[in-house]
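1. Predicted model follows, preceded by the sequence.
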Amino acid sequence: MHDLTSSDPGRKRWYWPFARRKTAESTYYEPYADAVPPRIDEPVAPLKKPRGKWWWFSRAVAAGLLLFILLVAYLAITAPLSKSLQPIAPPQITLLTSDGQPFARNGAVVDDPVEVAKLPDHVREAFMAIEDRRFYSHWGVDPRGLARALWSNISGSGMTQGGSTITQQLAKTTFLTPERSLTRKAREMLIAFWLEAWLTKDEILERYLSNVYFGDNVYGLRAASLHYYYRQPENLKLEQAIMLAGLVQAPSRLAPTRNPDLAAKRANLVKSAMVSAGYLSQQQADRLGIARLDVRAKNILPTGTYFADWAMPQARALTDLSYERLALTTTLDARMQEIARRAIARAPLGQAQVALVAMRPDGEVVAMIGGKDYAKSAFNRVTQAQRQPGSTFKLFVWLAALRSGMSPDAMVDDSPITKGGYLPKNAGEKYRGEISLQEAFARSSNVAAVRLFGQIGDKAVIREARNLGVKSPLAEDDPSLALGTSTMNLMELTAAYAGVAGNRWPVVPYAFKKEEQSWTEWLFDWPGRYNARTHVDMEKLLRAAVNNGTGRRAMLTIPNYGKTGTSQNNRDALFVGYAGEGEDRLVVGVWIGNDDNSPLKGISGGSLPARIWKDFMQQAVQSKKPAGSTKPQDKPDPEGPVTPLDLPEIPEIPVEIGDAEVRINGDSGVRVGTEIGGVPVDLRIDGEGVAIERRQAETPPGQ
């Protein structure tokens, strides 16, 4: 018997595990003497050999190799090498006012990457001794190091080690999440192999030293050496390098500024490791002391303000990650912010909270106050608080009415609503019968608003709110929406009024100057606009609300436009409006309320919010007199100390003189409250002269 498929009958045949025989094997018998073999009509089935261990082993190896290739390909796509060049933490960003004054600084403390070739040998050796002794000899994963770490941890020798190489640590910190799992460990090893294939050992070490965390919000060896010892890493002494190398294991716990004893104990372990690795003799190690710190608080982090907390995410989106410190100029106007702070500080708020935002008609935010005290509460009531806008929402109802073809002189019924499931009432239950749309808006008639809402439909009203940039949920088929029962934040409400002020919508508030629009953007990105008649009529309504309606306490001597708002049970009090012309036009929203949503006492939209709005506008737009702080003569240093623009405590000082009350304030002058002929009046004396104003009692609507 022999194999006819082989040219050499004595030759053994070997097959690749996945190959197939091209020709089926047949078995023939040698004829014996003159015997004739029997005729076989059907071919004899080939003999099948049993599959041995080699067959299974070869296929397992091939499958494992294929899986490894697929994993490497997956990592090459999902974990680009360039990511290892980026710092782990965001760069340090300093925010500047529009005139260059630093007012907030945030982010990690980072600095330029290091170059291994320029570092002293003892710096490199200190890190390798405690983290990865065989760094220059392994391929990314060190089996001996893993075994040594395992034995050290089991035996409790005192030198607890993790077993991960420097390459693995770089892979973990730049590519992977901190989760603890076998899958993550496997990916860490695979990425380590990949880094070793693409980078030199020195490049890997440079990236590791430039990224690793050293505690105190400091990332990278250069930033750490400057922070702890006020010297460049190229000039680090041996004992300083030992201390820094010891921090890597648990930087938050071992930072010498917080736990000097633990840091010193860890430094002694690093010295022992250097002796064991042959980098130091025992005599040299014994002579070394503990490095003395030289921490100089030049750039204290972090600092913040309400505006900074809102602007910082925009700053990070605008900049590429890098090791450098960045100084970005914002739209915040230091003068406007100072005016806002002082206007609010003068207001008798009691326990209530307050928020103010001022922007240009295109959305450039120039001032922001998110609460009475940032140090006590960083919750930003301009951008984070979702509150009912009250009657300020009527802007959208009347806009929808005007766009449907109605005019300010059109008549609407201001009598009580007695039928239907929703029966709103006017403030004080005052009704005037048939009145014009202009008078109904100026007097903030609730029943007229609900009747208009029912006439033009909820879809038309919601469309106007969406056009002007309101993104918060708005209830459909709910007539109470006309009175501002759906919540939104002060920022989007003020931006909606800005869209009317500039007749260009929607308005997106921003904290950094926009780039000029390209011709393609100009061609395809047309803003929304109202026709001339609709815009003129809406401004006529807004002006009537200030001059002849509920917003009289906000009236200025220049053209002013606005609307009051008071939510149910006086839980929210607002005034939103704008004044000025051209580049000087400002849109300002003011809100007052309690964080627990409890009712306010004696405060409505037309009282204290309107007075704060007027106080701000008088200085910011009408008179343009400078705020209390003077502008620095020298050009501000972006790297210098920051001056947070938080709300200062500037209380008024009341002094009683007989039946009169005198309020003294260094910025607003002197106010004398008294009565003339039984009429309460305020005598105001300030830099503009003397003025007599009739005092209006602070009473909630309906009383």
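-> Perfect, I can see it now.
2. Please name the residues that touch residue 564.
-> If you count contacts by CB atoms under 8 Å, 6 or more residues apart in numbering, residue 564 has them with 390-392, 444, 545, 549-551, 574-575, 604-606, 609-610. C-beta coordinates here come from the backbone N, C-alpha and C atoms, glycine included.
3. Using neighbour counts, give me the buried entries of the residues you listed.
-> 390-392, 444, 545, 549-551, 574-575, 604-606, 609-610 (16 or more other CB atoms under 10 Å).
4. Check which helices and strands the lengthiest helix in the chain is in contact with.
-> Scanning the chain for the longest helix, with DSSP state H as the assignment, gives helix 53-78. Packing partners of helix 53-78 (3 or more CB pairs under 8 Å, 6 or more residues apart in numbering; DSSP states H and E): helix 182-198.
5. Tell me the first helix or strand C-terminal of the helix it packs on.
-> Downstream of helix 182-198, the first helix or strand assigned by DSSP states H and E is helix 201-211.
6. which helices and strands does that following helix pack with?
-> Counting contacts by 3+ CB pairs under 8 Å, 6+ apart, helix 201-211 packs against helix 121-131, helix 166-175, helix 221-229.
7. any idea of the angle the second one forms with helix 53-78?
-> In terms of direction (axes from the mean of the first three to the mean of the last three CA atoms, to 10 degrees), helix 166-175 departs from helix 53-78 by 50 degrees.
8. try the shortest one
-> With the same axes, to 10 degrees as the criterion, the two stretches helix 221-229 and helix 53-78 enclose an angle of 70 degrees.
9. Just the CA trace of helix 221-229, in CSV.
-> Provided in CSV are the C-alpha atoms of helix 221-229 (Å, rounded to 0.1, in the frame of the first residue of the first chain):
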residue,chain,number,x,y,z
LEU,A,221,8.3,66.9,36.9
ARG,A,222,9.0,70.5,35.9
ALA,A,223,5.9,71.9,37.6
ALA,A,224,6.6,69.7,40.7
SER,A,225,10.2,70.8,41.1
LEU,A,226,9.3,74.4,40.8
HIS,A,227,6.4,74.0,43.2
TYR,A,228,8.2,72.1,46.0
TYR,A,229,11.8,73.4,45.5
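10. Not counting that helix itself, show me its contacts.
-> Residues contacting helix 221-229 (CB under 8 Å, 6+ apart): 109-114, 123, 209-210, 212, 214, 216, 218, 231-233, 236, 240, 243-244, 247, 256-257, 291, 293-295.
11. and the longest helix of the chain, average pLDDT?
-> Helix 53-78 comes out with an average pLDDT of 77.
12. Over to stretch 140-158?
-> Taken as a whole, stretch 140-158 carries a mean pLDDT of 64.
13. one step back: name the nearest of the contacts of residue 564 relative to residue 482.
-> Taking CB to CB as the measure, residue 482 lies nearest residue 391 of the contacts of residue 564, at 9.4 Å.
14. Could you confirm the closest one falls within a helix?
-> Yes: counting by DSSP: H, G, I helix; E, B strand; the rest coil, residue 391 is found in a helix.
15. Can you tell me the centre-most residue of the protein?
-> Closest residue to the average C-alpha location of the chain: residue 313 at 3.3 Å, with CA atoms, centre = their mean.
16. Assign it to helix, strand or coil.
-> Secondary structure for residue 313, judged by three-state DSSP, is helix.
17. What ranges does the stretch 551-700 of the chain have for its helices?
-> Using DSSP state H, counting those that start in this stretch, the helices of the stretch 551-700 of the chain run over 608-617.
18. Poorly predicted segments of it, please.
-> Applying pLDDT under 70 to the stretch 551-700 of the chain picks out residues 624-635, 639-640, 646-700.
19. where along it do the strands fall?
-> With strands called from DSSP state E, counting those that start in this stretch, the stretch 551-700 of the chain shows them at 560-566, 572-579, 586-593, 653-657, 660-665, 669-676, 679-686, 689-694.
20. re earlier: what does the model give the residue nearest to the centre of the chain for pLDDT?
-> Residue 313 is assigned a predicted lDDT (pLDDT) of 86.
21. And for residue 420?
-> 86.
22. Same check on residue 701?
-> pLDDT, residue 701: 34.
23. Put the alpha carbons of stretch 499-518 into CSV.
-> The C-alpha coordinates for stretch 499-518 follow below in CSV (Å, rounded to 0.1, in the frame of the first residue of the first chain):
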residue,chain,number,x,y,z
GLY,A,499,-32.9,89.2,20.6
VAL,A,500,-35.7,91.9,20.7
ALA,A,501,-33.2,94.7,21.6
GLY,A,502,-31.0,93.9,18.5
ASN,A,503,-33.8,92.5,16.3
ARG,A,504,-31.6,89.6,15.6
TRP,A,505,-32.3,86.1,17.0
PRO,A,506,-31.6,83.7,18.5
VAL,A,507,-29.0,85.2,20.8
VAL,A,508,-26.4,82.9,22.3
PRO,A,509,-24.7,84.4,25.3
TYR,A,510,-20.9,84.2,25.2
ALA,A,511,-17.9,84.9,27.4
PHE,A,512,-15.1,85.2,24.7
LYS,A,513,-15.0,87.4,21.7
LYS,A,514,-16.4,85.8,18.5
GLU,A,515,-14.4,85.4,15.3
GLU,A,516,-15.7,87.4,12.4
GLN,A,517,-18.2,85.5,10.4
SER,A,518,-16.9,84.1,7.1
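24. how about the closest residue to residue 336 other than its chain neighbours, phi and psi?
-> Distance criterion CB to CB, 6 or more residues apart in numbering; nearest residue to residue 336, sequence neighbours excluded, is residue 367 at 4.1 Å. When read as degrees, to the nearest 10, the backbone of residue 367 gives phi -160, psi 150.
25. Give the full set of residues in contact with residue 367.
-> 307, 332, 333, 336, 337, 339, 340, 356, 357, 358, 620.
26. Disregarding residues adjacent in the polypeptide, which is nearest to the second one?
-> Think residue 332. Excluding its sequence neighbours, the residue lying closest to residue 332 (CB to CB, 6+ apart) is residue 97, at 4.9 Å.
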